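> One predicted model, sequence on top.
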4 protein chains.
Amino acid sequence: MMRVAVVGATGYAGGEVVRLLLSHPEVQISAVYSRSQAGRPLAESIRGFQGLVDLKCESFSTRQAEEAADFFFLAMESGEAIGAVPELLKMGKKCVDLSADFRLQSRATYRRWYGKEAAPRALLKEAVYGIPELNRERIKRARLVANPGCYPVSVILPLFPLLEERVVAPDDIIVDSKSGVSGRGRTPKDPSDHFPECNESMKPYNVAKHRHAPEMEEQLSLAAGEEVKVLFAPHLVAIQRGILSDIYCRLLRQVTTRQVLALLRSRYEAEPFVRILEEGKWPETRFVAGSNFCDISAVVDGRSGRLVLTSAIDNVVKGAAGQAVQCMNLMCGFEESLALKQAPLFP
Amino acid sequence: MMRVAVVGATGYAGGEVVRLLLSHPEVQISAVYSRSQAGRPLAESIRGFQGLVDLKCESFSTRQAEEAADFFFLAMESGEAIGAVPELLKMGKKCVDLSADFRLQSRATYRRWYGKEAAPRALLKEAVYGIPELNRERIKRARLVANPGCYPVSVILPLFPLLEERVVAPDDIIVDSKSGVSGRGRTPKDPSDHFPECNESMKPYNVAKHRHAPEMEEQLSLAAGEEVKVLFAPHLVAIQRGILSDIYCRLLRQVTTRQVLALLRSRYEAEPFVRILEEGKWPETRFVAGSNFCDISAVVDGRSGRLVLTSAIDNVVKGAAGQAVQCMNLMCGFEESLALKQAPLFP
Amino acid sequence: MMRVAVVGATGYAGGEVVRLLLSHPEVQISAVYSRSQAGRPLAESIRGFQGLVDLKCESFSTRQAEEAADFFFLAMESGEAIGAVPELLKMGKKCVDLSADFRLQSRATYRRWYGKEAAPRALLKEAVYGIPELNRERIKRARLVANPGCYPVSVILPLFPLLEERVVAPDDIIVDSKSGVSGRGRTPKDPSDHFPECNESMKPYNVAKHRHAPEMEEQLSLAAGEEVKVLFAPHLVAIQRGILSDIYCRLLRQVTTRQVLALLRSRYEAEPFVRILEEGKWPETRFVAGSNFCDISAVVDGRSGRLVLTSAIDNVVKGAAGQAVQCMNLMCGFEESLALKQAPLFP
Amino acid sequence: MMRVAVVGATGYAGGEVVRLLLSHPEVQISAVYSRSQAGRPLAESIRGFQGLVDLKCESFSTRQAEEAADFFFLAMESGEAIGAVPELLKMGKKCVDLSADFRLQSRATYRRWYGKEAAPRALLKEAVYGIPELNRERIKRARLVANPGCYPVSVILPLFPLLEERVVAPDDIIVDSKSGVSGRGRTPKDPSDHFPECNESMKPYNVAKHRHAPEMEEQLSLAAGEEVKVLFAPHLVAIQRGILSDIYCRLLRQVTTRQVLALLRSRYEAEPFVRILEEGKWPETRFVAGSNFCDISAVVDGRSGRLVLTSAIDNVVKGAAGQAVQCMNLMCGFEESLALKQAPLFP
C-alpha cells in the first residue's frame, strides 16, 4: 500500500480526495493536514467520515513529511505550495498540487492574476498540467502535477480537439459557465455565500476578468499552435455541485453536428471518463454529480456558422479531487480509474 | 372599477395576473376561467389565495363574455386565442393575450415554429407587441396586445437600444439564457419536470432551435432596421423564478463599458421598471424575484471586441403577468405602474 | 403621513418592514438605521430596493430620534433596545421592538436564557406582547409592543384557544418546528450557515433548550391559567422562508377533528390573517410565503388520544415584520391589514 | 461471480441497487427489468450509467428467470411480487423484495392498508424482515427477505433497543419524520410532485394514517413484547435525499442522556452502519447522503420526562437499496458491508 498525505483535508477538494481514496485498493491515507483543525479528528470536521476515517488533522510542515507519506496531495491557499514542493521533491516524494501555483507556465501571468511572486522557472518547467486525456504520458513520468482549475477542465476537454483540428477559430471563443456554490470553497469568502443570499438565485461574476481565463488560454494555445483568446463569463447557481459550460465558437469550415461529434468521439473513445453524447442530447449536471465524468454535447448552428459545445462536470470531482486522483494513479503506475468508477448519484 | 377576466387563471401566468390585480385600485376581477378546474373555487387550485379570492373557476366561452368583463387576460394554450379574440374585440372588449398567437407578425414563422395555422393577417396587424418601454404609445391605443415571451423580454430590453444606435452587429448575437423551472408551466410537460429529476441540476435544451428565437429576431430587426440573427441557447436551472440572460455581441465601434451604460441609462431613465446597474455590478435573479423589474448590466471586453449584456427578470412577472398588467394599465389610461410597485422579496 | 424609522433596516426583519411599508398608504419611511452600513444607501445593501427606496443608512442614536420619526421599529441585537426604548417613549414616540428584550415578563427567565440583565420591571409591565389575534385591545393602547419570536407565533396561534377551552393538557405538549434558513438572520452565525453546508439538508438544533420555549410557555400559561410546559424541538431546513410547526397535544376530553376545527374557526373567523384549513388539508409553507397568513390544520388521532395541530407561517412576515406592521396599524389607529394584504407568491 | 437481476431497475430504489452493485466485487448484474422501458438500454433511462452499465431493460416474467440470474431484487408496485416470489423460490432463487408485500405478518393489516389480498400465510412466515442489525441470523438463512419501508428503518433502529430494555413506554410514541422528495418515487404520483409545486416548501401528509405506521408498530411490538402504538406524522421537504425522524417517547424510568446514548452505543457498537452521535450533536441528512449510515442522537428532557431520539438516513440507501444489498450480502455469505462502504458526499 502506498502511503498518501492530504494537505488541506478539511476543505472541499481535500475532503473529496480523502473520500475517493477510501475506496482505493492500493493506497492508504497516512496523514491529513489542516491548519484550522489541527489536533482534531478529521471526522469531526467532515462528519460524514465518522466510522470511516480515524485520522487526526495535523499542522503541515515539510519537517515531518519524510516519514508522513510517499505521495502528497496539496490543497492549500495559492502561493503556499511554492515553498513546500521543492522540499518534498528533494525527499523523493511525488505531488499533485490542487492550487493554481503550477498551472500557468507564464510567470508574468501568474503574478498579474494572483498578485504574488510565481514559482521558480525550473519548477514550473517540471510541473505537468494535469489533464490525463491530453497529457497522459507526461503525467506518468511526472513528479509534480498541477491539477487544473475546475472551469478550465470543463472548457479544455471539449475545445482541445477542435482547435487541434482547426475546426474552430482560436480568436473568437465565448465561454458561459455556470457553477454550483461548492466552487466557492468551504470558507465563506463573502457575505453573499450565506445560504439565504445564494439560495434560489443565479448571477454572473468577474465577467471577462476571472483567473481561470488565462489558464484556459495558455492550454488551448498549445492545441491551436497560436494564441487563443477566450471571453469567459462565470456564473454562480444555487446548487451544490456541478459546472455546466457552454462554449460558443466560430467554425472555420463547414461541418455538421454529426461530424463534430464523430471527431470528439474518435478523440476520446478510449477515455474512461469522457462521454460524448448522442446528437440531440445535452449534458445535465445531475448525470455527473459525484462522479469523475465529463459529458460533452455539440450543436452546429448553420445560420450563424457557429458551434455550441456544452460540457458538464462535477466541479469537486473531475474539476478537482477526481482529476487529482486520476493523475496520482498515472504517476504511480496504478490502473488509471482506480477509486474513480463510482456512478453518479441518481436522483 | 373596471371589470377584468382572467382566462387560464390556474396556470402560473394567469394566477400571477390575479395575484397582481388583487392590489390594483382601479380593477375588480369579475371572472376567472380554467378548463380543468371549472366549477371549483380558484382558491382551491391556488391555495395561497384563500381568504383573498372568492371566485369560482368557469369554463371559458365567448358566449358569456359580454357580461363577464370589460377586459380580458388570455393565458391559454397556443392556438386557442386566435378564435376567441375577434369575438371579444367585436363586443368592444380589450385583450392582452399571453400566448404566442399574436407575437409573430410573420405568419410563415408562426406556422413553422408552432405547427399551427397563424392568426389572420388583419388581426396580426392590429396586435401590438407588448413591451411598454418600446411601444408605449401604440399600446395605449391598442385593443389587442400580444404579451411577449419571457426570454424575449430579457433579451430585447438590453439589446434594442444598442441595435438602434448601431453599437453592436446585428448578425453576430449569442444569447445564453438560464430560466427557473416555473417557466415550464404548471402542467408537467415531461418526466424531467418531476422534482427529483430537476432539483440540484442545470441543463441546456433546444439549443439553436427554441421558439423564442424567431420572436427575438423579429423584434430586434425592427431596432436594427435590418435582419438580426440570434444564436439562442436556453437553460433550465433548479430554482423557482427568474431568468438570467447573457447576451454576447460584437461591437461595431470602440466604446467603453461606461459609454454603453450611459447609453442604456439615457434610454431607460424615465422607465419605472428598468434598472441599469452601476459599472462592476451584475444582476442577480433574487433581486428581481416577485417584482416587475428588469435589471441590466454591461461589460465591454476590449480583448475580444465584444460586449456582454446581462439581464435579470422574474419570468412570471416582467416575463409574463407583470408585463401584461403594465400593458393593461396603458391600454386603459391607468397610471402605468399600478399594482406593480411591489419590491422583490428579500431574502 | 406618519413618519416611521426602522432601526436595523439591513437585516432580514428590518428589511422586510421596509418592504411592507413601501405599500402602506398612511406611512412614510423617514429614516433607516444600520450600524454596519451607516453612510451607504439602503438600496446598496438590499439591491432589490433600487428605484424604490432612496434613503441612506444612518448610525442609530436616540439623540437624533426626536426629529427622525414618529414611530420606531427596532430590530437590533438582544439587549440593545433596553436602553433606547425609555428615551423614545419619553419623547412621545411609539415603538415595536422586534428583539426578545420585552417579550418575557419574567426577568429571571430573560437573564437565564439571554445571559443579560433584563429590562426594568416598569418597562416590561408596559410592553404588550404583540399578537393582535390575542391582545388586540391592549396593543391598540400600547406605546411599546414586544414583537413575538417567529417560532412562538406559529405555536401560540393554534394552541391558545385549545388551552383556553381546556381541550388539551397543559403539561404534555410537544412542538416539532421546521424553519427555513432566513430564520438564522442575515449575519452568518456559524460556518454551517454557509450555502454548501446547509443546502439539501435538514437538522435539529437546540432540542429542549431553545430560547423560544420559555416565551411560548409564558404566553400559553396565560391561556391555560396554569403553568404550561412545552418540549420544543426546532429544525433547520434548506429553504429560504417558512416555518412549519407540528404540535402534539394530549386531549383532555373526547373531541373529533371536526369539533377542533370548528372551535378554531369560531375563535379566528373574524381574523384576516388566520386561515383554518378544511379537514383533510394540511398547511404548506409555500402557500404563506411572502404573506402575513398563518395557516392551521388539526387532526385528532383516536388511537393515541392525541391532537396534532400544524401551522405554517412565513417567518419573516407573520413571524417578524408583518406582525410588527400589523401591531403598528393597531397602535396608530390604521386599518389593521394595511400593507399586509399581499398574496403569497405562487409558485 | 453471483449473477443478480434487478426487477424495476429504472425506479429510484432499483436504480440505486444497480449503482451500488457496480462496485460489488462478488456480483455481476446479469439482467435488469422495467415494464415501461423494456427494449431500451438502462443507461438511456438513467443517463448517469452511460459507460458503466451496458444492459438493456427487459420485461420481467418468471419464465426466463431460471436462466437470468441466481438472485433477484424485486422493486415492483405493491401486490406484484406476491405472484412472482413463489416461482422464483421454487427455482432455487433467493429474493429481496423492496415492496411492502412481505413486510407485514398480519394479513388483515396488509389488506386494510394496501387494499389488496395479502401474500399467502406460508410465504409470509418464510419472509424475514430485512433489518440486519436486528435480524442478522435469520436473514443469513433466509431465501426471501422483505426489505423494510424507508420511514420504518429510521424509526425502528433508534427505538428498538429502548423498547427492549423497557426504557420508554410502548403506548406513547410520537414520530415526526421529514423526507426528501425522492421518497415519492420516480413516477409523479400527484401534480404536487411537479418541481415548482414542491420546491422551497415543506408540508405534512397522511398524518396519523400513513401505511408505514402499522409496519413500525408490528416490528416494535416484537421489541416491547406488547402492543406498541405510534402516532406517525410524515412530512415532505424540498430536498433530494434524506429522512430525518424525531421520535418523542415517555421515559419509564429516570435516565440521563448519557445513559441512553451508552445503551444505544452498546447495542450497536459492532454495527458498521449505525453511528450513535456524541451528546450534544444531532444528525443532519447531509452527513448520510449517498451512504448506508443511520445516525442517531438522543436527548432526555427532564422537565417533561421525555426522550427525544433523532435519526437520519438516506432514504434511497439505508431506507431502500443499501439495506437490500446488505441483506443480500448476508443471505449469500458475503462480507456484510461489500459495496456499501462509500462515504457520504460532502458537500
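Sure thing, it's come through.

> So A:Ala118 belongs to a strand, correct?
No. Assessed with DSSP: H, G, I helix; E, B strand; the rest coil, A:Ala118 is coil; it does not lie in a strand.

> for it, what are its contacts?
Taking Cβ atoms under 8 Å, 6 or more residues apart in numbering or on different chains as the definition of contact, the neighbours of A:Ala118 are A:82, A:101, A:104, A:107-108, A:110-111, A:124. (Each C-beta comes from the backbone N, C-alpha and C, glycine too.)

> Look up how far B:Gln240 lies from it.
Here A:Ala118 is placed at a distance of 45 Å from B:Gln240 (Cβ to Cβ, to the nearest Å).

> Also A:Phe72?
Going from A:Phe72 to B:Gln240 by Cβ to Cβ gives 44 Å.

> Could I get the contacting residues of A:Gly14?
Under the criterion of Cβ under 8 Å, 6+ apart, the contact partners of A:Gly14 comprise A:6-8, A:32, A:34, A:73, A:75, A:98, A:321.

> Where does the prediction get shaky in chain A?
Regions of chain A meeting the criterion pLDDT under 70 are absent.

> rewinding a little: can the contacts of A:Ala118 go into a markdown table with extra columns for secondary structure and neighbour count?
As requested, those are exported to a markdown table (DSSP: H, G, I helix; E, B strand; the rest coil; neighbours: other Cβ atoms under 10 Å in any protein chain shown):
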| residue | secondary structure | neighbour count |
| --- | --- | --- |
| A:Ile82 | helix | 21 |
| A:Asp101 | coil | 27 |
| A:Leu104 | coil | 26 |
| A:Arg107 | helix | 14 |
| A:Ala108 | helix | 9 |
| A:Tyr110 | helix | 26 |
| A:Arg111 | helix | 13 |
| A:Leu124 | helix | 20 |
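
> For chain C, state which of those is nearest.
Of all the contacts of A:Ala118, the one with the least separation from chain C (Cβ to the nearest Cβ) is A:Asp101, at 24.2 Å.

> Determine the longest strand present in chain A.
Counting residues, the longest strand found in chain A (DSSP state E) is strand A:168-179.

> touching chain B at all, that one?
Yes. Using Cβ under 8 Å from any Cβ of the partner chain, strand A:168-179 reaches chain B at A:171-172, A:174, A:176, A:178.

> Show me just the buried residues among these.
Neighbour counting with 16 or more other Cβ atoms under 10 Å in any protein chain shown marks A:172, A:174, A:176, A:178 as buried within the residues of strand A:168-179 next to chain B.

> Tell me the secondary structure at the residue nearest to A:Phe273 when sequence neighbours are not counted.
Once its chain neighbours are removed from consideration, A:Phe273 has its nearest residue in A:Asn292; the separation is 4.9 Å (Cβ to Cβ, 6 or more residues apart in numbering or on different chains). Using three-state DSSP, the secondary structure recorded for A:Asn292 is coil.

> cool, A:Phe160 as well?
When classified by three-state DSSP, A:Phe160 comes out as helix.

> wouldn't it be in contact with A:Ser221 here?
No. If you go by Cβ atoms under 8 Å, A:Phe160 and A:Ser221 don't touch, sitting 10.9 Å apart.

> Would you map the strands across the stretch 151-300 of chain A?
Across the stretch 151-300 of chain A, reading from the start of the chain, the strands by DSSP state E, counting those that start in this stretch fall at A:168-179, A:202-204, A:230-237, A:243-251, A:274-276, A:294-301.

> To D:Glu137, which of those lies closest?
Taking Cβ to Cβ as the measure, the strands of the stretch 151-300 of chain A were each checked against D:Glu137, and strand A:274-276 came out nearest at 44.1 Å.

> And that closest one, what does it pack against?
With contacts taken as 3 or more Cβ pairs under 8 Å, 6 or more residues apart in numbering or on different chains; DSSP states H and E, strand A:274-276 sits against helix A:257-268, strand A:294-301.

> so the first one versus strand A:294-301, what angle?
Pointing back at helix A:257-268 there. Interaxial angle, helix A:257-268 versus strand A:294-301 (axes from the mean of the first three to the mean of the last three Cα atoms, to 10 degrees): 150 degrees.

> C-alpha coordinates for helix A:257-268, PDB please?
As requested, the backbone C-alpha atoms of helix A:257-268 are provided in PDB (Å, rounded to 0.1, in the frame of the first residue of the first chain):
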ATOM      1  CA  THR A 257     -23.100  18.300 -35.800                       C
ATOM      2  CA  ARG A 258     -22.600  14.700 -36.600                       C
ATOM      3  CA  GLN A 259     -19.100  15.300 -37.900                       C
ATOM      4  CA  VAL A 260     -18.100  17.300 -34.800                       C
ATOM      5  CA  LEU A 261     -19.500  14.600 -32.600                       C
ATOM      6  CA  ALA A 262     -17.600  11.900 -34.600                       C
ATOM      7  CA  LEU A 263     -14.400  13.900 -34.200                       C
ATOM      8  CA  LEU A 264     -14.800  14.200 -30.500                       C
ATOM      9  CA  ARG A 265     -15.800  10.600 -30.200                       C
ATOM     10  CA  SER A 266     -12.800   9.400 -32.100                       C
ATOM     11  CA  ARG A 267     -10.500  11.600 -29.900                       C
ATOM     12  CA  TYR A 268     -12.000  10.300 -26.700                       C
END
